[in-house]
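sequence first, predicted coordinates after that:
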Amino acid sequence: MPGTAGGISAGPGTWGTNEFVEPYVRRLVAEHLGVGAEELVSHVSLRDDLAADSLDLVELAVALEGEFAIVVPERVVADVHTYSDLVRATAALIRARCAETGAAQPPARVRIATHTAGGSFARSANSQGSASVALSRA
């Protein structure tokens, strides 16, 4: 359905931030909680259904901070109950950060990959200047 990501509406004035954020949040939650991405539906409870404890949620908040260059306050972690709460809270924190910095858009991610005879080289970067490089040999 247009305007939704996993059943989560972007809402007016959010320039589709939830749709931008949701795939990254899905990957992080699946990795950190050891669950399948298909289990992450909007109404699933992080604590009750996915058995996330307070340490899991703090580690998830730290991962979100690293992924999106945001600060996730403790009160936000305490207020998040469902997967959709987490997506909306993350999107709101990104929008607030963009408003503070005067950015017109949410942070962008770029992946550049080239292939050479000896292997491949890949570089990923986001708009905050964070980058990662990977070199693999064929």
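All right, it came through fine.

please name every helix or strand in contact with the helix or strand containing V29.
Taking DSSP states H and E as the criterion, V29 maps to helix 17-33. Secondary-structure packing of helix 17-33 (3 or more C-beta pairs under 8 Å, 6 or more residues apart in numbering; DSSP states H and E): strand 4-5, strand 8-9, helix 54-68, helix 83-101. The C-beta positions use only the backbone N, C-alpha and C, and glycine is treated the same way.

the last one vs helix 17-33, what angle?
It refers to helix 83-101. Our comparison of helix 83-101 with helix 17-33, counting by axes from the mean of the first three to the mean of the last three C-alpha atoms, to 10 degrees, yields an angle of 120 degrees.

list the buried residues for helix 83-101?
Across helix 83-101, burial judged by 16 or more other C-beta atoms under 10 Å covers 83-95, 97-98.

averaged pLDDT, it. What do you get?
In this model, helix 83-101 carries a mean pLDDT of 91.

next one: the second one
Strand 8-9 shows a mean pLDDT of 39 in the predicted model.

surely V35 touches V29?
Yes - the criterion here is C-beta atoms under 8 Å, and V35 meets it with V29 at 7.2 Å.

what do those two both touch?
Counting by C-beta atoms under 8 Å, 6 or more residues apart in numbering, the residues touching both V35 and V29 are L50.

more neighbours, the two?
Legend: neighbour count by other C-beta atoms under 10 Å for V35 and V29, higher for V29 (25 against 17).

gap between that one and A99?
25 Å (C-beta to C-beta, to the nearest Å).

next one: H81
Taking C-beta to C-beta, one finds H81 at 25 Å from A99.

before we move on, the earlier item: quick one: which of the helices and strands packed on helix 17-33 is nearest L40?
helix 83-101 (5.0 Å; C-beta to C-beta).

what's the closest one packed up against?
Secondary structure elements in contact with helix 83-101, counted by 3+ C-beta pairs under 8 Å, 6+ apart, are strand 8-9, helix 17-33, helix 54-68, helix 74-79.

perfect, that will be all.
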